[in-house]
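[1] Pasting a predicted model and its sequence here:
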Number of protein chains: 2
Amino acid sequence: MGVEKGTQLDKAVKNAKKIDSFLLSRLKGEPSDLYQAARYMIEHGGKRLRPYLVLKSCELLHGSMKQAIPAAAAVEMIHNFTLVHDDIMDNDEVRHGVPTVHTKFGTPVGILAGDLLFSKAFETISDPSAHIPKEVGLSLISMLSKACTDVCEGQVLDISMAKSKIIPTESQYITMIEKKTSSLFVASCAMGAISANTNESDVNRLSVYGRNLGISFQIIDDLIGITGDPKITKKPVGNDIREGKKSLPILLAIKFAKGKEKKTILNAFGNSRISKQAMVKVVAAIAELGIEETIRKKASYHLDTARKSISRYDNSAREDLLSLLDFVVERSL
Amino acid sequence: MGVEKGTQLDKAVKNAKKIDSFLLSRLKGEPSDLYQAARYMIEHGGKRLRPYLVLKSCELLHGSMKQAIPAAAAVEMIHNFTLVHDDIMDNDEVRHGVPTVHTKFGTPVGILAGDLLFSKAFETISDPSAHIPKEVGLSLISMLSKACTDVCEGQVLDISMAKSKIIPTESQYITMIEKKTSSLFVASCAMGAISANTNESDVNRLSVYGRNLGISFQIIDDLIGITGDPKITKKPVGNDIREGKKSLPILLAIKFAKGKEKKTILNAFGNSRISKQAMVKVVAAIAELGIEETIRKKASYHLDTARKSISRYDNSAREDLLSLLDFVVERSL
């Protein structure tokens, strides 16, 4: 499993490098501190999962990689725009082990670097030098702008959920992550299909793949937020419990736990003063409830749906998209 | 002059109302607090100058108003997006006499409301239900996204200028306002022309009109920031001097003043503790330097260039665009 995961990541990185030079060439200009701030997160890593989805979806439908590069760069810009603004909203000072953009460049330049990534994404697709057929270009813009709207809506749902004293239901939570996370996976896959200049049915099938991949990705992310190895995640054990995040594993733990266990979990929830030792016990209590199994089953269900949605295609891109599903469920970061 | 100005404003408002229902209909959705925040500034006023420019530029080139409505709504959304993010960056609590978006809805929702206005602008143009020809649509997107990039660049230039101890040159200042302010005026006029599905020469002429209108608009704005009647501007006398803004009238005053006068002006510059009486004297000293005349001449020069750029056209829309130039130089708010 470890080897497979490694191979899949290698592939993503290799493909990412192909778009990186294009992506970074679109983010050059003056004033230099604005452009440095806009490139900063991109230059400091990231898995390039979304560009990979654009490229592979296009390839699946017999489009050339070249056709999909502008769309691939655009989704990565939008992804980074959401990260930069997210970190400002959450007052997060560190991401991927380096200072966040606003910490390094100040909040005003941070906000503007996010805004620049946003405008550059749309500029990249609509630039005549990209030689995208007009019809394809406008469909890409429509898809991408709708995804951005969804992300904004999802973020506000997330903020409201975090503020509320009410524990959300599982379906409220899924609605939120569909908007906040899945929508850009959907857009990536759909934009890959659109770049291949194919029909609506193909776009729809790829969208189903993207949506289900996105949901699995987020709920596995949430699981890592609870059970993740602090050495790998670089976050303290039980970090999401301490921060009081209303993520799916926590919702389920609160729902399933009874009596003393429930009390222990609720006491740790959003409790910044809890000790590491006490948190290790809380995480163990959650493990005993079988939450991990439930979450992994749920993720598997969505991954199966994703798998089926592309079953009619038959080329190496399909194999890559299938391997990516395995990577999502097996990853530890 | 007052009557002309009033008439011009009335026209803008009347035209604005035609786009307002469309504009607000594009900003409906859930979660309601996000959409309320996005509509908030628009519902609390604004002159709708930019949509007016889109509509009139389209009409000038014999396009129908209906063709230009999506572009008109989009530029107003972008304008409002810049205001919302601006207020966050500047920590401004009041605009147009009401609390700013982030003051009312909190900074995270403020950032997201700005982002939503951004995505909705691009969604509005690329939405198939807008029935914009694909070629026109993609050119509109290209123009608008480039303008957004320019605005971001202009904002960072403005921030750097404000931070720097060096007083910028006049040409550095003009470069900054061309990007920060003029670019959206240029985009408005160009997008009106593009909506009329006309040729590149028309687009270029309207862009010249927009650029010069924009520069005049901003330098008159800067003049009002110094000499404006506090009863009308609702800001204290000499507000921009107190805040240490490096606006054109201030740059010129520092350049032209000598000896004791220069000392008085520099002492008031960025001095939040200066009394109202002392500030009245500073404003009078600047008036004696003939700064107002210099600025108005400069504005007139740009307005003449704008006037000439549309001289070949001959219909009522041209008259409206010419009257707007008078309005810009004569306004007191």
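    Cool, got the structure. The structure presented is a predicted model; accordingly, all values stated were derived computationally and were not measured.

[2] In chain A, where is pLDDT below threshold?
    A:1-9, A:13, A:332-333 (pLDDT under 70).

[3] Going by residue numbers, what spans are strands in it?
    A:94-95, A:98-99 (DSSP state E).

[4] Leaving out chain neighbours, which residue sits closest to the closest residue to chain B within the stretch 201-333 of chain A?
    For the stretch 201-333 of chain A, the residue closest to chain B is A:Val203, as judged by Cβ to the nearest Cβ, at 13.4 Å. Any C-beta I mention is one placed from the backbone N, CA and C, and that applies to glycine too. Leaving aside its chain neighbours, A:Val203 sits nearest to A:Ala193 (4.5 Å; criterion: Cβ to Cβ, 6 or more residues apart in numbering or on different chains).

[5] Also A:Glu59?
    Counting by Cβ to Cβ, 6+ apart, the residue nearest A:Glu59 is A:Ala317, at 3.9 Å.

[6] Then A:Thr100?
    Counting by Cβ to Cβ, 6+ apart, A:Thr100 lies nearest to A:Asp87, which is 4.0 Å off, once chain neighbours are set aside.

[7] gap between the one you found and chain B?
    11 Å (Cβ to the nearest Cβ, to the nearest Å).

[8] quick one: that residue and A:His102, what's the gap?
    6 Å (Cβ to Cβ, to the nearest Å).

[9] shared neighbours of those two, which are they?
    A:Gly110 (Cβ atoms under 8 Å, 6 or more residues apart in numbering or on different chains).

[10] related to what we said a few turns ago, can you tell which of the strands of chain A is closest to B:Ala16?
    With Cβ to Cβ as the criterion, B:Ala16 lies closest to strand A:94-95 of the strands of chain A, at 42.0 Å.

[11] Parallel or antiparallel, which strands does the closest one pair with?
    Taking DSSP bridges as the criterion, strand A:94-95 sits next to strand A:98-99 (antiparallel) in its sheet.

[12] So which residues make contact with the partner strand?
    Strand A:98-99 has contacts (Cβ under 8 Å, 6+ apart) with A:44, A:93.

[13] Show me what from the stretch 151-300 of chain A comes close to chain B.
    Residues of the stretch 151-300 of chain A that fall close to chain B, judged by Cβ under 8 Å from any Cβ of the partner chain: A:152-153, A:155-157, A:159-160.

[14] Now, of those, which are buried?
    Among those, those buried by neighbour count (16 or more other Cβ atoms under 10 Å in any protein chain shown) are A:152-153, A:155-157, A:159.

[15] thinking again about what came up before, the residue nearest to A:Val203 reaches A:Val208, doesn't it?
    No. Using Cβ atoms under 8 Å, A:Ala193 makes no contact with A:Val208, being 11.2 Å away.

[16] between the two, which one's more packed in?
    Per other Cβ atoms under 10 Å in any protein chain shown, whichever of A:Ala193 and A:Val208 has more neighbours is A:Ala193, with 31 against 17.

[17] what separates that one from chain B, distance-wise?
    From A:Ala193 across to chain B, the span is 17 Å (Cβ to the nearest Cβ).

[18] Render the CA-only coordinates of stretch A:88-106 in CSV, please.
    C-alpha atoms of stretch A:88-106 as CSV (Å, rounded to 0.1, in the frame of the first residue of the first chain):
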residue,chain,number,x,y,z
ILE,A,88,-6.3,35.3,7.2
MET,A,89,-9.8,34.4,8.3
ASP,A,90,-8.6,31.7,10.7
ASN,A,91,-5.6,33.8,11.9
ASP,A,92,-3.3,30.8,11.1
GLU,A,93,0.3,31.7,11.2
VAL,A,94,1.9,28.5,9.7
ARG,A,95,1.0,26.2,6.8
HIS,A,96,3.1,23.4,5.4
GLY,A,97,5.8,24.3,8.0
VAL,A,98,6.3,27.9,6.7
PRO,A,99,4.7,31.2,7.7
THR,A,100,1.4,31.9,6.0
VAL,A,101,1.3,34.6,3.3
HIS,A,102,-0.3,37.3,5.5
THR,A,103,2.1,36.5,8.3
LYS,A,104,5.0,37.0,6.0
PHE,A,105,3.7,39.9,3.8
GLY,A,106,1.1,41.6,6.1
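
[19] Report the distance from it to the chain centre.
    From the chain centre to the centre of stretch A:88-106 is a distance of 18 Å (Cα atoms, centre = their mean, to the nearest Å).

[20] So for that stretch, what gets flagged as buried?
    A:88-89, A:95, A:100-103, A:105-106.

[21] Reformat these as JSON lines; add distance to A:Asn239.
    Formatted as JSON lines, the buried residues of stretch A:88-106 follow (distance: Cβ to Cβ, whole Å):
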{"residue": "A:Ile88", "distance to A:Asn239": "20"}
{"residue": "A:Met89", "distance to A:Asn239": "18"}
{"residue": "A:Arg95", "distance to A:Asn239": "14"}
{"residue": "A:Thr100", "distance to A:Asn239": "17"}
{"residue": "A:Val101", "distance to A:Asn239": "21"}
{"residue": "A:His102", "distance to A:Asn239": "21"}
{"residue": "A:Thr103", "distance to A:Asn239": "19"}
{"residue": "A:Phe105", "distance to A:Asn239": "26"}
{"residue": "A:Gly106", "distance to A:Asn239": "27"}
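
[22] Out of these, the closest to chain B would be?
    Using Cβ to the nearest Cβ, A:Met89 comes nearest to chain B of the buried residues of stretch A:88-106, at 4.0 Å.

[23] quick one: contacts for the nearest residue to that closest one once chain neighbours are set aside?
    Excluding the flanking residues, the one nearest A:Met89 by Cβ to Cβ, 6+ apart is B:Pro108, at 4.0 Å. Residues in contact with B:Pro108, defined by Cβ under 8 Å, 6+ apart, are A:89, A:155, A:159.

[24] got it, and A:Asp150?
    For A:Asp150, the contacting residues are A:178-180, A:183, by Cβ under 8 Å, 6+ apart.

[25] would you turn the residues you listed into CSV with neighbour count?
    CSV is the format used below for the contacts of A:Asp150 (neighbours: other Cβ atoms under 10 Å in any protein chain shown):
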residue, neighbour count
A:Glu178, 19
A:Lys179, 23
A:Lys180, 22
A:Ser183, 24
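
[26] Inside helices: which ones of the residues you listed?
    A:Ser183 (DSSP state H).

[27] And stretch A:320-333, how far out from the chain middle?
    Remark: stretch A:320-333 is offset 13 Å from the chain centroid, using Cα atoms, centre = their mean.

[28] What of stretch A:210-230?
    Using Cα atoms, centre = their mean, the offset of stretch A:210-230 from its chain centre is 9 Å.

[29] Repeat that for stretch A:303-311.
    Mean-position distance between stretch A:303-311 and its chain equals 19 Å (Cα atoms, centre = their mean).

[30] Buried residues, it. List them.
    A:303, A:305-307, A:309-310.

[31] Let me see the residues that make contact with that stretch.
    With Cβ under 8 Å, 6+ apart, stretch A:303-311 has contacts from A:60, A:205-206, A:208-210, A:212-213, A:216, A:318, A:321-322, A:325, A:328-329.

[32] Between these, which sits nearest B:Phe22?
    Closest to B:Phe22 out of the contacts of stretch A:303-311 is A:Gly210 (31.3 Å), distances taken as Cβ to Cβ.

[33] show me what contacts the closest one?
    When contacts are counted by Cβ under 8 Å, 6+ apart, A:Gly210 touches A:53, A:182, A:185-190, A:306.

[34] Tell me which of the residues you listed fall in helices.
    A:53, A:185-190, A:306.

[35] Most widely separated two among the residues you listed?
    A:Ala187 and A:Ala306 (15.3 Å).
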